[in-house]
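Asker: Please work out how this folds:
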Amino acid sequence: MASFKAGSIVLLKLENFLTYSSVTIRPGPRLNVVIGPNGSGKSSILCALCLGLGGSPVLLGRADDVREFIMHEKDKGSIEIELTEGDSGRVDLIKRNLVRSEKGGVRAVHGSFTVNGQAKSQKFVADLVLTKYKINVANLLSFLPQDKVGAFSSYTPNELLKETMKALSSKHLFDVFETLCKMEAESKDAGRQSETVAERLTQLKAERESLQRSREQIEARKKAEAQVEVLEKKALWLSFEDLRCKTVELKEKREEAKKALDSATSNMPALERARDSLESSLAGLQKKAEAKSKEYKNSKKEFEKALKKAGILKEKIEDDEDAFTEVENQAEKAEKKAAEMEERVKRLEKEVKEAKRGAVGVDEKLPKVQAEGKSLADRAHKLRSQQDALEREFAEAQRQVDKAKQVLGKIRNIKQQKRHKIYSHQPQIRKICEWIDNNSDKFRKKVFGPIGACIDAKNEDVAKYVDQHVANAVLQAFVVQTQADYDLLYSNIREKHKIPINIELVENGGRESNREYSPKRMEQMKSQFGILGFLDQFYDAEPVVKRCLENQSKTHNVLVGTDRTSNELDKPDSDLMERLTKREGGNGQPRSACVCFPTAQGHYRYTANISRYTGKTNLSILEVNPTPKYVFKGVSKAEVERYEGKKADADEKYQKISGEIKELVDKVKEARSELSTKKAEQKALQDKKKAVNEKESRLEQAEKKLEEARAGAAVDVEEQKSRLTESAVRNVSGTLSQAQRAAQFWSAVTADTMLNAGMKCTIADMTRESARVEDMIEEENRRAASVKEDYVEAKKLFIESKDKLKETKARAEVEAPLVDENGEDLPLKAKLETLPETLAEVNATLDDCRAAVANIHDDPHVIAEYERKEKEIAKLTEQLKDTDELTSAKAAEIDALSSGFVSRLKNYISTVDSLFSTYMEELGCAGGVSLWFGDSGSEKPDRTKSEKYTFKEWGIHIRVKYRHANSLQNLSAHIHSGGERSVATIMFLMALQNELVSPFRCVDEINQGMDEIFERKVFARVVENSCSPPKKPNDPTSHTGQYFLITPKLLPNLDDMENEATTILFIINGPYNNLANFGFNDWLKSRKRLGSEWKDELEGGEDESEEEEKENFRRGGKKKSKKKRKVVEREEEEEEEEEERVEESMEL
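Answerer: Got it, this is the predicted structure:
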């Protein structure tokens, strides 16, 4: 323990962990080179260290759950790690127990921690190793697993700086940096707050100035209001004086109106008596006139009645005369009509003959034409029926096209819906998809993604299997088909928009992968074990997407089974597992296998991983997530093709029927044209026949009318004349009798008319006189009423004025008292005497004051608002002062804290830069490490205090140059190869080594991709840095700490590895790895023989100087110290320890 640095690992013990059933590893205090064949379990040591020290499986990049690390067919496992406390010799024993349990068909894994035998939480263990021993397994600078080597070069400058600070001083330097970032943000917030307060203060002052003007106006308004109040009091007393004068005048007017009223009512009695006398006489005369009027009306009624009867008889006489004349005229008309009808009959007979001559042959032609027209009509109807049928087929074809379009639209909508479901889990993918859609013209070939949305599973179970089997990173990835498209997408999404993106490159459509099982083997497994087929056969995707899934997730070799498959796997005697893992062809080499299947409890995925070294089957059983995140059921490609075929067939049928309909329409038009011509010919023949029939009918009617005319001409006219003469004589006699009676009544009507006329004249005179007297009475009444109204009005005005005078006086005495209770003058009286003495002048002045008041808005809140803003201005002024002081104090605090931090950080970076540059020069290359200060990517060595820091933008740039023609470039996965990145990474870690606080570092297979020259020089640097002497001669633990270097191979003749501070841990694990095959026993004998030679050499050698000893130690320890006996004893102890390690390795 003497040379172990505090926090170093002195023991690692594993039980049922991955490929180890039981192993105990005792690493050396300095460089530990872990070497062994691929798959023997080298990286498993790093996995155990990470998990045992409280790390998460995610840090390893291998699995998401610790159950993946339990040995196959074992229910539990454990990891034990002993960490030394240094000089004290005490150790902390940390143990992590892994237990696999099954409950309800669902497998679960539980891990528990103990520290020195006491149960602890995972967080406690992580905090313990971080705070006590400065171990941070999450930092790639001190713990770099194999699957995370590529992640180092993808660090942003800021991320690299943070991880470097964590590694340099555990969390102290990083905490100071985070504090500075936080303080800087707070300072900026304070500055923004100060600016906000200053802006608010300026705004308040402007508002106060505006309120100041309003305040002055309001004060002027108050003065005007006070003047209005005084003027109103003056006006009140002046109004009282005016009212008093007016009341005296109204009293005089009232007395004059009383006298005029008495004079106007003195003539009324005489006029009323004259009116009564005239009304009495007029009433008697009117009664007599009414009696005579009745007699007149009766006589006139009888006269009119007799006269009316005489008129009626006279009309009858005129009717008889007209009838007599009509009888004479009728005889003449009947004879004339008979002659006209004879002429018409002759003319019609002639027209009938001519019509018959024109219609010769019509009866023979018409049936033939009608038959031809019927044939053409039948043909047109048949063609129209065919057209209707084709139009129905056309409509059906159109419906099929629309249906296919609708289904294809729904399919496209399903793909969009799958994208949106993926967006809910990864919102950043939406932005990537939108950018790709908007810039599709920039890509050389089509870009597919995210891959999960491009997969159309044939059913829900397949969607679950693909979602479980394929890694999330792959399902979120986008597939490009050219390197140019890869660079374009990465530079815009990852570098420009800072959005994480996974991109898979499949060039030239990708190479189709070979299946693990032959068709014959598949048919056997289908029939015997219920295997349905390969997973890629149950989903559809674009060929490049399928190639990507085959390359990344081997979906073309994953099997899909049934519940029968599950039952076969559960049978102990079933040979299904052998069929799955045994290769065909008889070479006996097993292979890995994976099968997904349903059970009554859910869906599961069996994965069998075969190690070629152990020959054991590592079987993991995972429950398939019932709710997939990225893969969903879609429409199969065959179904899409089927609907596209339907659409194409429907389109073809649509076009074909359209042409047939067009041809048929032309035929229908032609048939209808012929039918129209034939109908016109038929109508012409029918018209000729109809003309003959019509003329014959008219001739027949004319002959009938001729007979009627001849019969009318033979009627007896003399008898009618005699009858009409007798009637006329009777009517004349009656007319004379009524005329005589009318004359008698006319005489009575004339006498009554004259008498009534005289009486009406007398009544009219008396009425006029009565009216004149009434007018005089009304005139007197009007004059009296007017005078009375004047009197009443004068009396009313006097009373109102008197009351108002009293009221005004009372109001004036209350509102503007001039004397007090003792009769003494008040100050108001003298004040009012200074004002104008007329009401007009006072009112004019009052109007001016009121106008001034009206023109100024009275806002009662202005004064309060002005005072409030005064207070707020004072408060904000004080706050601005405090904020400025706080900002200055914060800036001073940042300067104080950052000065030491920046200086310390620059020293670190300067040291690392110097070492990194030296190391790269040793390799024949160039390199540098610089601190990046942000500012649009600029790098500044120093800054003035007046410049603002931007700590959150700070970062570290690793710049390298591998060729003389090139310039220094930032380390990048897009510029440098994997080997070049590995060289830069390990050199950077070596440059950091002396400054790191972690007691041990781990690097896994960093030499992958290096050429032989680089690899030799890199290993020389690793050995020299890791095995350098302690910094303090009296403190053997003052070295750089433990270093775990894991590699599957070493180049031959690596002389630099010959160093006594180097511990070689051989991993010989598995049934195919035999120590005899490696010549290990011979090597051990040679080592013992070499040790004996060194012993003899040391016993006979001479003492060396201290400087020579150090130099020899640095070169690998080929020569030993001058203290021979002690060295020999140490060599013997090392040989014994070496033998113990060999025995432990052989146990493996």
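
Asker: wait, isn't residue 398 in contact with residue 654?
Answerer: Yes - between residue 398 and residue 654 there is a contact under CB atoms under 8 Å: 6.2 Å. Backbone N, C-alpha and C define where each C-beta goes, glycine included.

Asker: Quick check: residue 16 is in a strand.
Answerer: Yes - counting by DSSP: H, G, I helix; E, B strand; the rest coil, residue 16 is part of a strand.

Asker: how many other residues sit next to it?
Answerer: 19 (other CB atoms under 10 Å).

Asker: Can you tell me how far it is from residue 233?
Answerer: Counting by CB to CB, to the nearest Å, the separation of residue 16 from residue 233 is 112 Å.

Asker: same thing with residue 853?
Answerer: Distance from residue 853 to residue 233, counting by CB to CB: 16 Å.

Asker: Comparing those two, which residue is more hemmed in?
Answerer: Neighbour totals were compared for residue 853 and residue 233, and residue 233 leads with 20 against 17 (other CB under 10 Å).

Asker: Now that one: closest residue in space that isn't a chain neighbour?
Answerer: Using CB to CB, 6 or more residues apart in numbering and skipping the chain neighbours, the partner closest in space to residue 233 is residue 816 (3.4 Å).

Asker: And for residue 967?
Answerer: Using CB to CB, 6+ apart, the nearest residue to residue 967 is residue 961, at 6.5 Å.

Asker: show me the contacts for the one you found.
Answerer: Applying CB atoms under 8 Å, 6 or more residues apart in numbering to residue 961 gives the contacts 925, 926, 927, 967, 968, 969.

Asker: for the third one, what are its contacts?
Answerer: Translated: residue 927. Applying CB under 8 Å, 6+ apart, we find residue 927 in contact with 916, 917, 919, 920, 958, 959, 960, 961, 968, 984, 987.

Asker: which residues does it bridge with?
Answerer: residue 960 (DSSP bridges).

Asker: Next, count neighbours for residue 304.
Answerer: A count of neighbours around residue 304, defined by other CB under 10 Å, yields 12.

Asker: Return the subset of the contacts of residue 927 lying in strands.
Answerer: Among the contacts of residue 927, the ones falling in strands (DSSP state E) are 958, 959, 960, 961.

Asker: which two from the residues you listed end up farthest apart in space?
Answerer: Among those, the pair separated by the greatest distance (CB to CB) is 958 and 961, at 11.5 Å.

Asker: Enumerate the positions of stretch 570-586 that are buried.
Answerer: 576, 577, 579, 580, 581, 582 (16 or more other CB atoms under 10 Å).

Asker: Equivalent analysis for stretch 296-305, please.
Answerer: Buried residues in stretch 296-305 (16+ other CB under 10 Å): 296, 299, 300, 302, 303.

Asker: repeat for stretch 336-344
Answerer: Going by 16+ other CB under 10 Å, stretch 336-344 has these buried residues: 337, 338, 341, 344.

Asker: Export that stretch to PDB, keeping only CA atoms.
Answerer: Taking C-alpha atoms only, stretch 336-344 is exported to PDB below (Å, rounded to 0.1, in the frame of the first residue of the first chain):
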ATOM      1  CA  LYS A 336    -127.700  39.000 -98.200                       C
ATOM      2  CA  LYS A 337    -126.100  36.300 -96.000                       C
ATOM      3  CA  ALA A 338    -127.500  33.500 -98.000                       C
ATOM      4  CA  ALA A 339    -126.000  35.000-101.100                       C
ATOM      5  CA  GLU A 340    -122.600  35.300 -99.400                       C
ATOM      6  CA  MET A 341    -122.600  31.700 -98.200                       C
ATOM      7  CA  GLU A 342    -123.400  30.500-101.700                       C
ATOM      8  CA  GLU A 343    -120.300  32.300-103.000                       C
ATOM      9  CA  ARG A 344    -118.100  30.900-100.100                       C
END
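
Asker: Now do it: distance to the chain's middle.
Answerer: In this view, stretch 336-344 has its centroid 101 Å away from the chain centroid, taken as CA atoms, centre = their mean, to the nearest Å.

Asker: secondary structure class for the closest residue to residue 18 other than its chain neighbours?
Answerer: Spatial nearest neighbour of residue 18, excluding adjacent residues (CB to CB, 6+ apart): residue 44 at 4.5 Å. Of the three states, residue 44 takes helix according to three-state DSSP.

Asker: before we move on, what about residue 40?
Answerer: coil.

Asker: Just the residues contacting the helix or strand where residue 607 lies, thanks.
Answerer: Assigned by DSSP states H and E, residue 607 belongs to strand 603-610. Strand 603-610 is contacted by residues 72, 461, 464-465, 468-469, 566, 569, 577, 580-581, 590-597, 616-624, 626 when judged by CB under 8 Å, 6+ apart.

Asker: just how off-centre is it within its chain?
Answerer: 41 Å.

Asker: and what of stretch 223-239?
Answerer: So, by CA atoms, centre = their mean, the centroid of stretch 223-239 is 70 Å from its chain's centroid.
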